[in-house]
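Asks: Here is my input, please return the structure:
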Amino acid sequence: MNRPLVWVAASMLGGVLAASWGFAPGVAPLACVAVAAVLAAVRFRNPRVRPLVVALGFAGVGAAHWNLTLSPNSDALCRHVAGHSNLPITLEGVVRGVQLVMPGDDRFRFTVDINRHISGSTSTPLEGRAVVHWARSATRLYPGDRIRLEGKPRVAIAEVNPGVNGYEDYMRNRGVHTAIEASGPNAVERLRAAPWYSPWQWAARLRQLQAENLARAMPHDVHSFVYAIWLGHQSALSQTEYQDYVWSGTAHILSVSGIHAAIIAFSLHFALRVLQVPRRARAVLVMLAVFAFAMAAGASVPALRAAIMVCLYLSADLVEREPDTPTALSIAGIVFLLWDPRSVFDIGAQLSFASVASILLFVSIVQDWMDEAYGALRAKLDPKQAGPLEHGFVYRTLRAPLAVSFSVQILPLPIAAASFHVLPLASPIANLIVIPILGAVLWLCFAASLLSFVWLPAAQIAGYATWLPIEALRSVAEVSASLKPAALALTTPTPFAWGVYWIAAALLAASTAVRKERRKRVLACAAIAFVIGFAAWRPCGREPEIVMLDVGHGDASFIRMTSGETLLIDGGDASEYGDRGRQIVAPFLWARGVTQLDALMASHGDRDHLGGLIYVVDNFRVGTAILGAVETDRPLEREFLARCGARGTTVVRVARGETLHIGDAQFAVLHPAPDLPPTTLPNNLSIVARVPFGGKTFLFSGDIEDEIERTLDPAAIDADVLKVPHHGADTSSTPAFIDAVTPEYAVISTGSHGRRVMDQPIVDRYAGRGIAVLRTDRLGAIRFTLQDGELRVEAERAKRGYAIAQN
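Replies: Purely as a prediction, here's the structure:
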């Protein structure tokens, strides 16, 4: 059995996945290990049995490790908060991780391992991990500090939607199941400082000190970029700049991960090799540099993962053996699975591992291709015409960085597609330019950071030298992003497409290990697999559904009709704090295989309904945009109409009594009346539409208030499902209106924290009539499908097994 560690890593991964999906409960993993032990004792000498023994045994180990360390009931804090959500609580615990504190920012976010619940003079054990959002903070905390905090906890950390990997998923992959809102300088008290010997404390202090030193050593307009690529802090980047990197296909450079560690390792390795440093010494120096970079980035998990991968690969140099890339990657995979099996589902971990693996597997292949092309070019040219090609200095200088730039893009492609949903055709060229420049920026940051602790003027020389390459990076990203029409909007790939794509990549990597006469056949198989993977990218069958998205305080609903047409009603909020259209609605649509909408409807012009639709219009092909009959002069509505005009989207205005025809469905418009003055309260300009779905009916009511509810024809508003008007506020939902609609389900779209207008008496008014109240702040997105002519309801938080607030 060649490369047994590859079998071990693959089997452990399979076991972890099986357990995480619920296919290896209870004693099933131990049964696998027992069967493997019996086979090993009886038939291990049989070469056909050995792979089965390894597969069963280590799959059982992986599944058992998941079940033992990640039991869904292991977080007592989460269970406690589910029954006491948003009620003040006093807790004690130890700080685990902290964010950078920017100048002038009094909001501080950190994670804490809770272990005590304080109630009066009583202290009881209560364990769990939480993320704390501390407003008007008064002091800095570091990992290892023991603290007491007072705040309001909740189990809904953020919005949860089908197919969208959001902030709550990110936190849960780090063992965080609870969020706590703390406010005021006295909300958090340090009881005991971290032990002086804690490496995590010193890494966090070093990271914070670097941020302050680099702010003095560098021009102000590069701070946000340097904080992102050097310290792993992206929040200072503007959304416009971030989107430039996304649409240019270079967003991966903004996260401290595998690509950064690989650039530092390969560039330093190349320089030391030119200087003829001995092999072992070269490996040691590169390892030290990579770990120094990881510590400079705050010893973050992605940075440490990347450093470990590079060091495992270079460890062969310490014993003066040729590195075996598959074995080194397998060892790294085993280490990461044992360290934290949740990393399998972490996008950052996936991109980091795939980036480093892609370089290690393909850089030599790409260099061989470049050598063949370069040799063929030289052979065709007359020696007198060859000029610089004859000596090859330029080629030798660019060979390694260009090979790294190209090879790093191969394995992460489907992961990047699932994360960013775009494949810029200019991306390969942009990355060929960006990655070598990024290498220069990283080394200048290294120098500026180191010198800032010694002599500030020297640090400023290196710091100000970063301005030109950073501006070059920004220009490349901006120019590449301006070619947006040439970019392909990608939906989330199907699992089959993922698998086939990586089979193709494996065949490509294996092509160098086969005889030359068979290489063409292997490459042909790889090409065919690539084609099949892209052909199977989108799902084939698409089920009719209505999904009320979880967009916080706001509205957004997606409808796929029984005839296949698609409609989006509202798009959530868009403000300086975030764009729900970009963060939630668009990723949801891409996850559903949607790149074009037959129609979208803006119920009215309020920001929490219309704001997110602007991003949707900019990034999807939309057939028709539907607005209410009354035209207003509000800036947001004007901007929306301008974007529709620029994209060639037809705008239709509708009024009471009209019928919308979308596919086979006919939507009855019940409001607004065409003669309402523009000065009418914006909420009361909302479109009220009765939407058929199979044999059932949905009533979408926007933000209408009680005076409009009284004008609606009671005979026309009967529905099976009601989208509760105005997010459940007491301005709406009069008893007469509810009795006229008589819904089976009432859906309230509101947020779990921040701006809320939902009133409990309104919830009780619905529940008292036997109506099932479904709240997005507690249940996440609500999905309706048809099963044997009846509605089937699915709450996203329940589907994922996330805790749900009960009070």
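Asks: Could you check stretch 354-373 and say which residues are buried?
Replies: For stretch 354-373, a neighbour-count test (16 or more other Cβ atoms under 10 Å) marks 354-363, 365-367, 370 as buried. C-betas here are computed from N, CA, C, even on glycine.
Asks: Please flag which of the residues you listed sit within helices.
Replies: Judged by DSSP state H, those include 354-363, 365-367, 370 as members of helices.
Asks: and the spatially most central residue of the chain, what does it touch?
Replies: Closest to where the C-alpha atoms of the chain average out (Cα atoms, centre = their mean) is N165, at 5.0 Å. Residues counted as contacts of N165 (Cβ atoms under 8 Å, 6 or more residues apart in numbering) are 347, 418-419, 587.
Asks: Swap in 6 Å and give it another go.
Replies: By Cβ atoms under 6 Å, 6 or more residues apart in numbering, no residues touch N165.
Asks: Helix, strand or coil: sort out it for me.
Replies: Put simply, N165 is coil when judged by DSSP: H, G, I helix; E, B strand; the rest coil.
Asks: for it, phi and psi?
Replies: Backbone geometry at N165, expressed as degrees, to the nearest 10, gives phi -90, psi 100.
Asks: Tell me how far it lies from R769.
Replies: According to Cβ to Cβ, to the nearest Å, N165 stands 37 Å off from R769.
Asks: returning to that earlier point: so what pLDDT did the residue nearest to the centre of the chain get?
Replies: Looking at N165, its pLDDT stands at 87.
Asks: ditto for the one 4 residues further on
Replies: Taken from the predicted model, the pLDDT recorded for D169 is 89.
Asks: Tell me how far the residue nearest to the centre of the chain lies from Q350.
Replies: Applying Cβ to Cβ, the value for N165 to Q350 is 10 Å.
Asks: ditto for T734
Replies: According to Cβ to Cβ, T734 stands 50 Å off from Q350.
Asks: Next: V53.
Replies: When distance is defined by Cβ to Cβ, V53 is 29 Å away from Q350.
Asks: How about L589?
Replies: According to Cβ to Cβ, L589 stands 22 Å off from Q350.
Asks: More neighbours: the two, which one.
Replies: Neighbour count, other Cβ atoms under 10 Å: between L589 and Q350, L589 has more, with 27 against 20.
Asks: tell me what the longest strand anywhere in the chain is packed against?
Replies: Of all the elements of type strand in the chain, the one with the most residues (DSSP state E) is strand 122-135. For strand 122-135, the packing partners by 3 or more Cβ pairs under 6 Å, 6 or more residues apart in numbering; DSSP states H and E come out as helix 76-83, strand 108-119, strand 178-183.
Asks: I'd like to know which of those lies nearest to D739.
Replies: Proximity to D739 (Cβ to Cβ) singles out helix 76-83 among these, at 32.6 Å.
Asks: OK, contacts around H252?
Replies: The contact partners of H252, taken as Cβ under 6 Å, 6+ apart, are I259.
Asks: can you redo the buried residues of stretch 354-373 as CSV with pLDDT?
Replies: Putting those into CSV (pLDDT from 0 to 100) gives the following:
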residue, pLDDT
A354, 82
S355, 79
V356, 77
A357, 81
S358, 84
I359, 80
L360, 79
L361, 82
F362, 84
V363, 82
I365, 83
V366, 83
Q367, 83
M370, 83
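Asks: can you put those in TSV and add distance to S603?
Replies: Putting the buried residues of stretch 354-373 into TSV (distance: Cβ to Cβ, whole Å) gives the following:
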residue	distance to S603
A354	41
S355	43
V356	47
A357	47
S358	45
I359	49
L360	52
L361	51
F362	50
V363	53
I365	54
V366	52
Q367	57
M370	56
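Asks: Looking at those residues, which is nearest H727?
Replies: A354 (40.8 Å).
Asks: from what I can see the closest one touches P412, true?
Replies: Yes: with contact defined as Cβ atoms under 6 Å, A354 reaches P412; the gap is 4.3 Å.
Asks: can you give me the helices for the stretch 151-300 of the chain?
Replies: 167-172, 199-217, 223-231, 239-248, 258-274, 279-296 (DSSP state H, counting those that start in this stretch).
Asks: Now distance to L508 and mean neighbour count too, for the ones you listed, in JSON lines please.
Replies: Output for the helices of the stretch 151-300 of the chain, formatted as JSON lines (distance: least, Cβ to Cβ, whole Å; neighbours: other Cβ atoms under 10 Å):
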{"stretch": "helix 167-172", "distance to L508": "31", "mean neighbour count": "19"}
{"stretch": "helix 199-217", "distance to L508": "38", "mean neighbour count": "19"}
{"stretch": "helix 223-231", "distance to L508": "29", "mean neighbour count": "22"}
{"stretch": "helix 239-248", "distance to L508": "25", "mean neighbour count": "19"}
{"stretch": "helix 258-274", "distance to L508": "19", "mean neighbour count": "22"}
{"stretch": "helix 279-296", "distance to L508": "27", "mean neighbour count": "18"}
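Asks: Make a markdown table out of those and add distance to E471.
Replies: Shown next, in a markdown table, are the helices of the stretch 151-300 of the chain (distance: least, Cβ to Cβ, whole Å):
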| stretch | distance to E471 |
| --- | --- |
| helix 167-172 | 31 |
| helix 199-217 | 17 |
| helix 223-231 | 10 |
| helix 239-248 | 12 |
| helix 258-274 | 19 |
| helix 279-296 | 23 |
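Asks: wait, which of these is closest to Y142?
Replies: Within those, the stretch nearest Y142 is helix 199-217; the backing value is 4.7 Å (Cβ to Cβ).
Asks: Return the distance of that closest one from the chain's centre.
Replies: Centre-to-centre, helix 199-217 and its host chain are 26 Å apart (Cα atoms, centre = their mean, to the nearest Å).
Asks: And for stretch 665-685?
Replies: 38 Å.
Asks: residues of that stretch that come out buried?
Replies: Buried residues in stretch 665-685, counted by 16+ other Cβ under 10 Å: 665, 667-673, 676, 682-685.
Asks: Tell me if I'm right that A59 and M12 touch.
Replies: No: contact status for A59 versus M12: not in contact, 7.0 Å apart, counting by Cβ under 6 Å.
Asks: Tell me where the model's unsure across the stretch 401-550 of the chain.
Replies: 485-486, 541 (pLDDT under 70).
Asks: Could I get the full set of strands for it?
Replies: Per DSSP state E, counting those that start in this stretch, the stretch 401-550 of the chain carries strands over the ranges 422-424, 487-489, 545-548.
Asks: quick one: least confident helix or strand in this protein?
Replies: Lowest mean confidence among the helices and strands of the chain (mean pLDDT, DSSP states H and E): helix 388-391, at a mean of 52.
Asks: what's the domain layout of the protein?
Replies: Domain ranges of the chain: 4-69, 76-194, 208-491, 498-535, 545-800, per automatic domain parsing.
Asks: Relative to Q201, which of these is closest?
Replies: In terms of Cβ to Cβ, the element of those nearest to Q201 is domain 76-194, at 4.1 Å.
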